[in-house]
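>>> what would the 3D arrangement of this be:
(chains A, B, C and D)
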There are 2 protein chains.
Amino acid sequence: MKKTVSIEKRKTFRHGDLRNALVTAGLDMARAGGPNAVILREATRQAGVSPNAAYRHFANQAALLDAVRSACISRVAAAIEEEMSKPRVARDPQMFARKSLRAVGMGYLGFAMREPGMFRTAFSVPPPVYEQNSANTASMGLNPFQLLSLALDRMLESGLLSRKDRKDAEYLAWSTVHGLALLVLEGPLHKMPREIVLTLGERLVVMVERGIS
Amino acid sequence: MKKTVSIEKRKTFRHGDLRNALVTAGLDMARAGGPNAVILREATRQAGVSPNAAYRHFANQAALLDAVRSACISRVAAAIEEEMSKPRVARDPQMFARKSLRAVGMGYLGFAMREPGMFRTAFSVPPPVYEQNSANTASMGLNPFQLLSLALDRMLESGLLSRKDRKDAEYLAWSTVHGLALLVLEGPLHKMPREIVLTLGERLVVMVERGIS
DNA sequence: CTATGAAGTAGACATCGTCCACATACGCTA
DNA sequence: TAGCGTATGTGGACGATGTCTACTTCATAG
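Sure, this is the predicted structure:
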């Protein structure tokens, strides 16, 4: 239980990179136990620093949590990007668009199953991203929402989606996989086997593809 | 801020109905602030009782939260039932089935918008309801999941759904509205206006109807 | 009428977030 | 190069929460 990671009893008075150390520690806790497990004091402990030192870098524990969440969102974006980059060749534009949408959905779901704690942390309470984007990106420079938009744009361009149906389609598609993920991670479907979840995910994507237009 | 509800400084040593009083207090807190706001000590305070008294009725605060969640789920079920009972006449079976599904979805979403705290409490962490039902019902004696199943059965019976597509369809449909609700309540769509949410909800139901078969 | 056990009380402890006052030493300026 | 201002950490304290171990009260079964 007592993990006490990396407490080298630093000799310099200054830590040198405390802010980062705290976020990293917070990320570990988030990974292991979700947003509620991100304890400010524990983070300072792991960084080998007194509790109050944290307040030189974060206004309060909510601010720390916020930084951790931001990191988590980036991970989600990275997972989606990786899934999107899998299909090497993409000759048929429509097939390409379809595969893109599928990749976004399954990348999202896959990450949720692989890293429940980080996923739950990424999408909890206070980041009003509606009509507003601030970082949280991965290598491609896009956040999860923007990656989804990209996939939907490909569907529009390839003629799979009318301009009218394209509007706000991200919210429809997003709701779908997000719902499944949360029902499984912190909802009544807690005990559903992961493989079944992914199978349902595939059906979900098909459903979106068919029902959205 | 200080609500201090109903502290009549009871004269009898026994409270008489403490368990219920605690759940009620917990429900109030859940309504106001979601699952994290359900504080054991505060509940005992509102019941006019010492903190430890709670331990005569609940093993720990998690157990109290569990009771509160159960109550919240019943409320959800009630909301859905009400929405389902609205369409008086139902001549065409297919139309009836469609309306039923719509009612479940919109009842669910509507409750989420009306009672965010209770909704968030209802579907958080630990009630493994997958392949298992224990109470949490409303007047009709069905929990939200069973009400959804009922609607889908109507679609099957009226020929709107093949037997194959009917299988596990509840998870697909459920994920959809649940996702939208949570993205809005405790996710990035926090600031999305309620009316827009409901409009998206309608589109979502249509999407399910079309894409599910 | 009594004793037994369920329901409540009292006090204590560890942990958390956070505030205030104080200490340290990095790096710029004179 | 000496000195100093301030960013960064430390120490101690406070109130709040969950929970543990006694102790008390009293309704009721025998």
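>>> how is chain A divided into domains?
A:18-61, A:74-211 (automatic domain parsing).
>>> in a markdown table: these, plus mean neighbour count, mean pLDDT and distance to B:Asn136.
Yep, even glycine has a C-beta here, placed from its N, CA and C like the rest. Compiled in a markdown table, those are given as follows (neighbours: other CB atoms under 10 Å in any protein chain shown; pLDDT from 0 to 100; distance: least, CB to CB, whole Å):
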| stretch | mean neighbour count | mean pLDDT | distance to B:Asn136 |
| --- | --- | --- | --- |
| domain A:18-61 | 18 | 98 | 23 |
| domain A:74-211 | 19 | 90 | 10 |
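>>> a markdown table for these, including distance to B:Val38?
Below are the domains of chain A laid out as a markdown table (distance: least, CB to CB, whole Å):
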| stretch | distance to B:Val38 |
| --- | --- |
| domain A:18-61 | 13 |
| domain A:74-211 | 15 |
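>>> alpha carbons of stretch A:113-125, as PDB, please.
As requested, the backbone C-alpha atoms of stretch A:113-125 are provided in PDB (Å, rounded to 0.1, in the frame of the first residue of the first chain):
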ATOM      1  CA  MET A 113     -11.100   0.300 -20.800                       C
ATOM      2  CA  ARG A 114      -7.300   0.400 -20.600                       C
ATOM      3  CA  GLU A 115      -7.000   3.400 -18.300                       C
ATOM      4  CA  PRO A 116     -10.200   3.700 -16.400                       C
ATOM      5  CA  GLY A 117      -8.800   6.100 -13.700                       C
ATOM      6  CA  MET A 118      -7.300   8.500 -16.200                       C
ATOM      7  CA  PHE A 119     -10.400   8.400 -18.400                       C
ATOM      8  CA  ARG A 120     -12.700   9.100 -15.500                       C
ATOM      9  CA  THR A 121     -10.500  11.900 -14.400                       C
ATOM     10  CA  ALA A 122     -10.300  13.400 -17.900                       C
ATOM     11  CA  PHE A 123     -14.000  13.900 -18.100                       C
ATOM     12  CA  SER A 124     -15.300  14.900 -14.700                       C
ATOM     13  CA  VAL A 125     -16.800  18.100 -13.500                       C
END
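>>> helices along chain A, start to end?
A:18-33, A:40-46, A:61-84, A:93-114, A:116-122, A:144-157, A:163-166, A:169-186, A:194-211 (DSSP state H).
>>> any chance of these in a markdown table, plus distance to B:Gly16?
Listed next are these as a markdown table, based on distance: least, CB to CB, whole Å:
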| stretch | distance to B:Gly16 |
| --- | --- |
| helix A:18-33 | 39 |
| helix A:40-46 | 41 |
| helix A:61-84 | 40 |
| helix A:93-114 | 46 |
| helix A:116-122 | 40 |
| helix A:144-157 | 52 |
| helix A:163-166 | 59 |
| helix A:169-186 | 36 |
| helix A:194-211 | 46 |
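>>> sorry, back to before: tell me which of the domains of chain A lies nearest to chain B.
For those, the distance to chain B is smallest for domain A:74-211, at 2.5 Å, taking CB to the nearest CB.
>>> now that closest one: how far from the chain's centre is it?
Distance of domain A:74-211 from its chain centroid, counting by CA atoms, centre = their mean, to the nearest Å, is 10 Å.
>>> and the residue nearest to the spatial centre of chain A, how close does it get to A:Asn136?
Nearest to the geometric centre of chain A sits A:Val76, at 3.2 Å (CA atoms, centre = their mean). Applying CB to CB, to the nearest Å, the value for A:Val76 to A:Asn136 is 8 Å.
>>> mutual contacts of those two, please.
Taking CB atoms under 8 Å, 6 or more residues apart in numbering or on different chains as the criterion, A:Val76 and A:Asn136 both touch A:Pro144.
>>> excluding chain neighbours, what is closest to A:Ala97?
A:Arg154 (3.8 Å; CB to CB, 6 or more residues apart in numbering or on different chains).
>>> for A:Ala151, same thing?
A:Ser100 (3.9 Å).
>>> pLDDT at A:Asp17, what is it?
In this model, A:Asp17 is scored at 94, pLDDT.
>>> that should have said A:Arg14, apologies.
On the pLDDT scale, A:Arg14 gets 79.
>>> quick one: it and chain B, what's the gap?
35 Å (CB to the nearest CB, to the nearest Å).
>>> count residues in the vicinity of that residue, would you?
7 (other CB atoms under 10 Å in any protein chain shown).
>>> phi first, then psi, for it.
Backbone torsions of A:Arg14, given as degrees, to the nearest 10, read phi -80, psi 140.
>>> how much space is there between it and DNA strand C?
5 Å (CB to the nearest atom of the strand, to the nearest Å).
>>> could you do A:Ala54 as well?
Relative to DNA strand C, and taking CB to the nearest atom of the strand, A:Ala54 is found at 7 Å.
>>> OK, contacts around the nearest residue to that residue once chain neighbours are set aside?
Nearest residue to A:Ala54 in three dimensions, chain neighbours excluded: A:Thr44, at 5.1 Å (CB to CB, 6+ apart). The neighbours of A:Thr44, taking CB under 8 Å, 6+ apart as the test, are A:Leu22, A:Ser50, A:Pro51, A:Asn52, A:Ala53, A:Ala54.
>>> near DNA strand D, which of those show up?
Contacts with DNA strand D within the contacts of A:Thr44, as defined by CB under 7 Å from any atom of the strand: A:Ser50, A:Pro51, A:Asn52, A:Ala53.
>>> those residues: which two are farthest apart?
A:Pro51 and A:Ala53 (7.1 Å; CB to CB).
>>> list the contacts for A:Leu156?
Counting by CB under 8 Å, 6+ apart, A:Leu156 has contacts A:Ser162, A:Arg163, A:Arg166.
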